[in-house]
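>>> okay, predicted coordinates and the sequence, questions at the end:
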Amino acid sequence: MSQLLLASKIIVQEESSGVRGIAGAATNVCGAVGVAERGPIGKAILCSGLPDFQNTFGRILPSSELSQGVLGFFLNAAGNGSLWVVRTVHYDDVSNAKTAHGQSATGWLSVTQHVPAAVVAANHAPYALNDGDALVVSVGGAKDVGIAFHGTAAVSVAAAAGPYVLADGETLLVALDGAPVPVQVTLAAHSFASVAAATAAEVAAALAAQLHGATCDVSNGAPRITSGTRGTASAVQITGGTAAAILHFPNAAGTGNVPNLGAVAVADVQALAAPLTGVSVPAGAALTLSALSPTATVQVRAATSAVFGFDVAAHGPTDVVIPKAVAVTGKDPGAYANAFRMVVQPGRTGVDLLTVENGVTQDTFTNVSMDPTSPRYIETLVNSAQSGSMLVAVKDQRLVAGCPLAVQSAPLAGGDNGLAGLTDIDFIGSQTGKTGLQALNTVQDLAMLIVPGRATPDIHNAMISYCQLDRGGSVFPILATPAGMSAQDIVNYVSTTAHLEGSSEFGAIFWPRVQIANPSTTYFGNAENVIMDPSGSIAGLFANNDTKLGGVYQASAGTESGVLVGVVGYETDECLDETMRDLVYPHRVNPLTTGPGQPYYVDGCYTLSANGDFGFIPQRRGVSFIEKSLKVGLDWVRHKNNTAALRARVSRTAYSFLYTQMTNGAFASTNPTTAFSIDVSDGAGGLNTPAVIASGMLLAEFGLAMSTPAEFGVVRIRKLTANGTQQGSSSSSQ
């Protein structure tokens, strides 16, 4: 219907309440720092389950208490938590991430180059042949084919017979074999009986004495110059001189099919190779005949000149293995890949590449190609982020194109875990280098922190400082439990050694360490159970309980909410003794225990300090959850005009959220007037005074009456008479 106010009518208009919903912040996101078998170093990686962790960081190992803690986390989270994992190694300087130790294992794969048949002359070029010498070859057993080599010298004979009328010092300029600078021959009088009646023999003798690379004699009564070169490069040219007109030597050129029959080069054979069908003649110092067909044989026949030094055996194709054609490295630094062998074996099509560890195949890539354009190219297959190897990476060295991988088994070696010199600072890290704990800075929804197995005063205090100061109290650390500690030992540790007792409500510690069923006899030996730090299991328990309505406000303790999945015992039975629990609990150490017919469970919910406002774990974690939720949920306030209407809207939005938390069991009261308070007051006596508003701030103050867990149960027993009336009383213990 029309909303226009034309005729008299009633219209309905819906208006926004001005209340924005506030989504609850995540509380089941945990960060973990420690030593892993493999994986990226100093980088926070999200793992949504145990398979995720193992794909990236490797196996559950005795040497990796991080891996044990992750196992405990996911067992107890039951699919309801996520874990950001940071692998650490030793750093020369934690403020510089590039100084991380650790070395990837390396290995090499060879390829097989199929080389067609070839026969190589034993003698190197140039070859001194005679006119008519031949090269004869049979390819693939076919009819002989060959070439014959020919060459004649340039010969220049004077036009007329002697004697010649010469004068002392007459000259003749002679260029042999195309030389750019001719030789000047001087006809001196002392070389002749009578220079004015010089004989042909005397002229020939004078020429021979001064021309090198030619012979000079007499032919039909006239001097003759013969080049020492036989072939197309041979030439005798008279370019001038005073005796040229007297002697009349004509220019002459040699003949043949090679430049110099006495010094035949490989290039000369290449130029004549057309008749040698089926072979090529590659360049080189020694003459080589290579089959054009990859399967043909090549045989030099006996009619070939011995000068080349060919054998006359039939030569077939060969396969040549070219080493170090493909580099293989462990995908991450670590000694884990030292146990790998890269195996290349014949496949149904082509060859298959396998990563084999101690006889067990970890990767299989079929029909692997060395052609970069192929979809089965080795780098494409192995290095694929989606379907490639999680263990190794490969790099084609491009030594030869397209040659297949040789059948082989190539080991990897040289991998190092980078743990030599490992100290607490490598776990604590540096904000500058974004190492250790500081690698988690970019995880915005981080709610818990563990460093499994690293139970030292420096680590524990650094965890508390990081969570309380660096992360503004938004993260709750669960401290690792020191190994081998009795009840008195753990009390001494928290109160004296590490000074944890009373230090902060941001953090909790549990005792003792737990036993779980041996996860792998291969790595942990044949013991039925193994002992591990419980911090990962407890973080997983928190994560699982947090997914229940109001779970973050409930203590993850007791025989219902505190049951530890996978735990089958404890490091010490002292925790089963109530007097020992009485000893540790007042010192803010949360005991783990069990009893007849009971599961293994957490029996305490103290933070490290009773002096703060929120000394119980569910209180502290609950307040942190509310703080983070309000921070994000009220982010829309920024940059809006700071008016009374805006502050009222903030109050309504926060009230709606806190009211929901009240119904979820967050507060000690179910009456909103006593459960929580919201103050966005303004004016002279309020929070938001004109000066505060002028400074760009909007102040909102919240009061929270958090629920307190029932730590102790008191059972009172009174005596009744036979008729049911009370008579006397006695009260019992707690």
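Arrived safely, thanks for sending.

>>> name the single longest strand found in this protein.
Counting residues, the longest strand found in the chain (DSSP state E) is strand 318-330.

>>> partners of it in the sheet?
strand 106-115 (antiparallel), strand 392-396 (antiparallel) (DSSP bridges).

>>> let me have those strands in a markdown table, extended by distance to residue 321 and mean neighbour count.
For glycine as for every other residue, the C-beta is placed from the backbone atoms N, C-alpha and C. Formatted as a markdown table, those follow (distance: least, CB to CB, whole Å; neighbours: other CB atoms under 10 Å):
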| stretch | distance to residue 321 | mean neighbour count |
| --- | --- | --- |
| strand 106-115 | 5 | 19 |
| strand 392-396 | 16 | 18 |
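
>>> and residue 28, which of these is closest to it?
Closest to residue 28 of the strands paired with strand 318-330 is strand 392-396 (CB to CB; 33.9 Å).

>>> what's the spacing between that closest one and its chain's center?
Once both centres are worked out by CA atoms, centre = their mean, to the nearest Å, strand 392-396 turns out to sit 10 Å from its chain's centre.

>>> just the strands in the stretch 501-650 of the chain please.
Taking DSSP state E, counting those that start in this stretch as the criterion, the stretch 501-650 of the chain contains strands spanning 508-511, 514-517, 529-532, 567-570, 589-593, 601-602.

>>> for residue 146, which of these is the nearest?
strand 529-532 (80.6 Å).

>>> what packs against that closest one?
helix 65-77, strand 514-517 (3 or more CB pairs under 8 Å, 6 or more residues apart in numbering; DSSP states H and E).

>>> need the contact partners of the last one.
If I follow you right, that is strand 514-517. Strand 514-517 has contacts (CB atoms under 8 Å, 6 or more residues apart in numbering) with 71-72, 528-534, 537, 564, 566-571, 592, 600.

>>> I'd like to know which of those residues are buried.
Buried members of these, scored by 16 or more other CB atoms under 10 Å, are 71-72, 530-534, 537, 564, 566-567, 570-571, 592, 600.

>>> my read is that residue 170 contacts residue 241, right?
Yes: with contact defined as CB atoms under 8 Å, residue 170 counts as touching residue 241 (7.4 Å).

>>> okay, residue 421 and residue 461: tell me how far apart.
Shown here: residue 421 relative to residue 461, a distance of 22 Å by CB to CB, to the nearest Å.

>>> hmm, back to that, closest to residue 631 out of the strands paired with strand 318-330?
Using CB to CB, the nearest of the strands paired with strand 318-330 to residue 631 is strand 392-396, at 41.7 Å.

>>> now the following helix or strand past that closest one: buried residues?
Using DSSP states H and E, the helix or strand that follows strand 392-396 towards the C-terminus is strand 408-411. Using 16+ other CB under 10 Å as the test for burial, strand 408-411 gives 408, 410, 411.

>>> cool, and stretch 142-156?
Buried-residue list, stretch 142-156, by 16+ other CB under 10 Å: 145, 147, 148, 149, 150, 151, 152, 153, 154, 155, 156.

>>> quick one: which of the buried ones among the contacts of strand 514-517 is nearest to residue 87?
Nearest member of the buried ones among the contacts of strand 514-517 to residue 87, counting by CB to CB, is residue 71, at 15.8 Å.

>>> show me what contacts the closest one?
By CB under 8 Å, 6+ apart, the neighbours of residue 71 are 50, 60, 516, 519, 536, 566.

>>> would you mind measuring from it to residue 537?
Going from residue 71 to residue 537 by CB to CB gives 9 Å.

>>> then residue 653?
38 Å.

>>> the longest helix in the chain is where?
Identified as the longest helix of the chain according to DSSP state H is helix 644-663.

>>> state the mean pLDDT of it.
Computed over helix 644-663, the mean pLDDT rounds to 93.

>>> do stretch 511-519 as well
Rounded mean pLDDT across stretch 511-519 is 97.

>>> please renumber the chain so that the first residue is 46 from this point on.
All set: I'll call the first residue 46, so the last point we hit is now stretch 556-564.

>>> list the buried residues of that stretch.
Buried-residue list, stretch 556-564, by 16+ other CB under 10 Å: 556, 557, 558, 559, 560, 561, 564.

>>> what sits up against the longest helix of the chain?
62-67, 595, 598, 671, 674-675, 678-679, 682, 685, 712, 714-715, 717, 720-721, 723, 725, 727, 733, 743, 745, 747, 749.

>>> only the buried subset of those, as a PyMOL command please.
A single PyMOL command selects the buried members of the contacts of helix 689-708 (16+ other CB under 10 Å):
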select buried, resi 65+67+595+598+671+674+675+678+679+682+712+720+721+723+725+727+733+743+745+747+749
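
>>> if we can go back for a sec, strands - which of the buried residues of stretch 187-201 land there?
Per DSSP E, the subset of the buried residues of stretch 187-201 in strands is 190, 192, 193, 196, 197, 198, 199, 200, 201.

>>> which neighbouring elements make contact with the very next helix or strand once past the longest strand of the chain?
The helix or strand immediately downstream of strand 363-375 is strand 385-391, counting by DSSP H and E. Judged by 3+ CB pairs under 8 Å, 6+ apart, the packing partners of strand 385-391 are strand 151-160, strand 396-402, strand 453-456.

>>> just for the stretch 646-779 of the chain, where's the confidence low?
By pLDDT under 70, the low-scoring segments of the stretch 646-779 of the chain are 756-759, 767-779.

>>> quick one: the helices in it, in order.
With DSSP state H, counting those that start in this stretch as the criterion, the stretch 646-779 of the chain has helices at 662-678, 689-708, 717-720, 735-739.

>>> next: the stretch 446-595 of the chain.
In the stretch 446-595 of the chain, the helices defined using DSSP H, counting those that start in this stretch lie at 469-473, 502-510, 532-537, 566-569, 580-591.

>>> tell me the most buried of those?
helix 580-591 (a mean of 29; mean count of other CB atoms under 10 Å).

>>> the closest residue to residue 195 other than its chain neighbours pairs with what?
Leaving aside its chain neighbours, residue 195 sits nearest to residue 301 (4.3 Å; criterion: CB to CB, 6 or more residues apart in numbering). Taking DSSP bridges as the rule, residue 301 bridges to residue 196.

>>> now residue 301: how far from residue 188?
26 Å.

>>> can you check residue 125 too?
For residue 125 relative to residue 188 (CB to CB), the value is 83 Å.

>>> what's the answer for residue 506, then?
Residue 506 is 92 Å from residue 188, by CB to CB.

>>> can you check residue 564 too?
For residue 564, the distance to residue 188 - CB to CB - is 74 Å.

>>> same deal with residue 665?
In terms of CB to CB, residue 665 sits 97 Å off from residue 188.

>>> list the contacts of stretch 324-343.
Taking CB under 8 Å, 6+ apart as the rule, stretch 324-343 contacts 159, 161-170, 172, 182-186, 311-312, 314-315, 318, 321, 323, 345, 353, 355, 359-362.

>>> and if we set it to 7 Å?
159, 161-166, 168-170, 182, 184-186, 311, 314-315, 318, 323, 353, 359-362 (CB atoms under 7 Å, 6 or more residues apart in numbering).

>>> re earlier: among the helices and strands packed on strand 574-577, which comes closest to residue 528?
Nearest of those (CB to CB): helix 110-122, 9.6 Å.

>>> now the closest one: average pLDDT?
When pLDDT is averaged along helix 110-122, the result is 97.

>>> between helix 580-591 and that helix, find me the angle.
Using axes from the mean of the first three to the mean of the last three CA atoms, to 10 degrees, the inter-axis angle of helix 110-122 relative to helix 580-591 is 20 degrees.

>>> list the buried residues in helix 110-122.
For helix 110-122, the neighbour count (16+ other CB under 10 Å) marks 110-122 as buried.

>>> next one: stretch 628-638
In terms of neighbour count (16+ other CB under 10 Å), stretch 628-638 has its buried residues at 628, 629, 630, 632, 633, 634, 635, 636, 637, 638.
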